[in-house]
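# Below is the structure, and that's it, no one-letter string:
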(Lines give C-alpha, C1' and ligand atoms only; values in the text may rest on other atoms or scores of the structure.)
Protein backbone atom coordinates (compact mmCIF):
# COMPACT_ATOMS: atom_id res chain seq x y z
CA UNK A 1 0.00 0.00 0.00
CA UNK A 2 1.19 3.49 -0.81
CA UNK A 3 2.28 5.40 2.27
CA UNK A 4 2.86 9.05 2.93
CA UNK A 5 6.58 8.63 2.21
CA UNK A 6 5.86 7.69 -1.40
CA UNK A 7 3.47 10.59 -1.85
CA UNK A 8 5.83 13.04 -0.14
CA UNK A 9 8.58 11.83 -2.47
CA UNK A 10 6.56 13.08 -5.43
CA UNK A 11 6.98 16.64 -4.16
CA UNK A 12 10.71 16.36 -4.77
CA UNK A 13 10.57 14.26 -7.95
CA UNK A 14 9.07 16.56 -10.55
CA UNK A 15 9.40 14.21 -13.52
CA UNK A 16 7.69 11.39 -11.58
CA UNK A 17 4.89 13.73 -10.56
CA UNK A 18 4.42 14.98 -14.13
CA UNK A 19 4.37 11.46 -15.59
CA UNK A 20 1.91 10.21 -12.96
CA UNK A 21 -0.43 13.17 -13.49
CA UNK A 22 -0.25 12.67 -17.25
CA UNK A 23 -1.23 9.01 -16.89
CA UNK A 24 -4.10 10.00 -14.60
CA UNK A 25 -5.34 12.65 -17.04
CA UNK A 26 -5.19 10.30 -20.01
CA UNK A 27 -6.90 7.51 -18.08
CA UNK A 28 -5.54 4.71 -20.24
CA UNK A 29 -2.41 2.56 -20.36
CA UNK A 30 0.39 4.24 -22.31
CA UNK A 31 3.86 3.30 -23.45
CA UNK A 32 6.88 5.23 -22.28
CA UNK A 33 7.38 6.39 -25.86
CA UNK A 34 3.83 7.80 -26.03
CA UNK A 35 4.31 9.61 -22.73
CA UNK A 36 7.71 10.96 -23.80
CA UNK A 37 6.41 12.29 -27.10
CA UNK A 38 3.34 13.91 -25.54
CA UNK A 39 5.34 15.52 -22.74
CA UNK A 40 8.42 16.49 -24.77
CA UNK A 41 10.66 14.40 -22.52
CA UNK A 42 13.28 11.83 -23.40
CA UNK A 43 12.18 8.20 -23.37
CA UNK A 44 14.98 7.51 -20.88
CA UNK A 45 13.67 10.15 -18.45
CA UNK A 46 10.15 8.72 -18.71
CA UNK A 47 11.44 5.17 -18.22
CA UNK A 48 13.27 6.22 -15.05
CA UNK A 49 10.17 8.02 -13.75
CA UNK A 50 7.96 5.01 -14.52
CA UNK A 51 10.45 2.63 -12.90
CA UNK A 52 10.39 4.70 -9.70
CA UNK A 53 6.60 5.10 -9.79
CA UNK A 54 6.24 1.32 -10.23
CA UNK A 55 8.55 0.66 -7.28
CA UNK A 56 6.46 3.07 -5.17
CA UNK A 57 3.28 1.21 -6.13
CA UNK A 58 1.79 4.18 -7.97
CA UNK A 59 1.62 2.64 -11.45
CA UNK A 60 1.06 -0.87 -12.77
CA UNK A 61 2.89 -2.49 -15.66
CA UNK A 62 0.30 -3.63 -18.22
CA UNK A 63 2.84 -5.11 -20.61
CA UNK A 64 6.45 -4.49 -21.57
CA UNK A 65 6.91 -0.72 -21.55
CA UNK A 66 3.21 0.03 -21.04
CA UNK A 67 1.95 1.44 -17.76
CA UNK A 68 -1.25 2.70 -16.16
CA UNK A 69 -1.80 4.64 -12.98
CA UNK A 70 -2.86 2.88 -9.80
CA UNK A 71 -4.90 5.37 -7.83
CA UNK A 72 -6.70 3.08 -5.43
CA UNK A 73 -4.02 3.34 -2.73
CA UNK A 74 -3.64 7.07 -3.27
CA UNK A 75 -7.36 7.65 -2.86
CA UNK A 76 -7.37 5.68 0.39
CA UNK A 77 -4.61 7.91 1.79
CA UNK A 78 -6.35 11.09 0.61
CA UNK A 79 -9.63 9.98 2.19
CA UNK A 80 -7.85 9.13 5.43
CA UNK A 81 -6.35 12.63 5.57
CA UNK A 82 -9.60 14.29 4.59
CA UNK A 83 -11.67 12.39 7.13
CA UNK A 84 -9.20 13.14 9.95
CA UNK A 85 -10.38 16.77 10.02
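Yes, it's here. Here the structure is a predicted model, which means the values were calculated and not measured. Residues are numbered from 1 along each chain as shown.

# Not counting stretch 65-74 itself, show me its contacts.
Stretch 65-74 has contacts (CB atoms under 8 Å, 6 or more residues apart in numbering) with 1-2, 7, 20, 23-24, 28-33, 50, 53-54, 57-62. In this view, the C-beta of every residue, glycine as well, is placed from N, C-alpha and C.

# Those in helices, which ones?
Mapping the contacts of stretch 65-74 onto helices (DSSP state H) picks out 7, 20, 23-24, 32-33, 50, 53-54.

# If you go by neighbour count, which of the contacts of stretch 65-74 are buried?
Neighbour counting by 16 or more other CB atoms under 10 Å classes 2, 7, 20, 23, 29-32, 50, 53, 58-59 among these as buried.

# possible to save these as TSV with pLDDT and distance to residue 78?
Formatted as TSV, the buried ones among the contacts of stretch 65-74 follow (pLDDT from 0 to 100; distance: CB to CB, whole Å):
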residue	pLDDT	distance to residue 78
2	55	10
7	59	9
20	89	14
23	90	17
29	95	23
30	97	23
31	97	28
32	96	27
50	96	22
53	93	17
58	89	13
59	93	17
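
# Among the ones in helices among the contacts of stretch 65-74, list the two that are farthest apart in space.
Using CB to CB, the two most remote members of the ones in helices among the contacts of stretch 65-74 are 7 and 33, lying 27.0 Å apart.

# Contacts only, for residue 47.
Neighbours of residue 47 in contact, by CB under 8 Å, 6+ apart: residue 32.

# Could you measure from it over to residue 81?
Distance check for residue 47 against residue 81: by CB to CB, to the nearest Å, it reads 31 Å.

# Can you tell me the closest non-neighbouring residue to residue 35?
Spatial nearest neighbour of residue 35, chain neighbours left out: residue 46 (4.9 Å); criterion: CB to CB, 6 or more residues apart in numbering.
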